[in-house]
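**Q** Sharing a sequence plus its predicted fold:
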Amino acid sequence: MTTRGFASLGLFNPKDHLNVGGALRAAACYEAALVAVQGDRYRKSSTDTMSAWRHIPTIHTDDLISSIPLGAVPVAVEFIKTARPLTNYVHPESAFYIFGPEDGSISKRVLEQCRDVVYVPTSQCMNLAATVNVVLYDRLMKRGGA
């Protein structure tokens with residue numbers, strides 16, 4: 001089965017470089033096309049055991065919205081009232097998933113640019129790396145699996 005499209009990630013002001021490393025590792029595992037990081041709280045981390053930044057374009061930016069790849073649908077992953085549960089979400093063919101920080105939220109300006117807002121239904125909030133893994137796994141399974 002040939003699948004079309006791609007997944008790319010935007011990390012909005014991530015809190016902890018260890019979780020960014022885990023998110024990069026997830027990006028490598030699920031073959032994400034790009035990781036863009038907005039904010040100044042990031043540095044290389046030992047949790048990126050695959051050195052994903054060497055294999056996946058990883059950029060720092062002052063504006064995640066300007067980093068959305070051509071043809072990608074911006075999708076915010078955020079715990080807000082208007083978000084749809086991931087369990088019944090249909091992923092776009094090409095997506096730019098934007099994840100917020102553990103100690104805050106995605107800015108209103110960025111949220112307004114997203115076509116969709118989804119959340120992972122859990123009883124507690126998850127860390128960044130875990131959320132990236134769940135979203136990318138959900139995408140993989142709903143698109144026919146590996």
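**A** Right, received. Where do you want to start? Source: prediction; values computed, not measured.
**Q** Now do the contacts for Val90.
**A** In this structure, Val90 makes contact with Lys142, judged by CB atoms under 8 Å, 6 or more residues apart in numbering. C-betas here are computed from N, CA, C, even on glycine.
**Q** try Pro85
**A** For Pro85, the contacting residues are Val118, Tyr119, Val120, Pro121, by CB under 8 Å, 6+ apart.
**Q** Quickly note the distance from the third one to Val90.
**A** Shown here: Val120 relative to Val90, a distance of 16 Å by CB to CB, to the nearest Å.
**Q** do the first one as well
**A** The gap separating Val118 from Val90 is 10 Å, by CB to CB.
**Q** Longest helix in the chain, please.
**A** Among the elements of the chain assigned as helix by DSSP state H, the one spanning the most residues is helix 128-142.
**Q** Buried residues, it. List them.
**A** Of the residues in helix 128-142, those buried by neighbour count under the rule 16 or more other CB atoms under 10 Å are Leu128, Ala129, Ala130, Thr131, Val132, Asn133, Val134, Val135, Leu136, Asp138, Arg139, Leu140.
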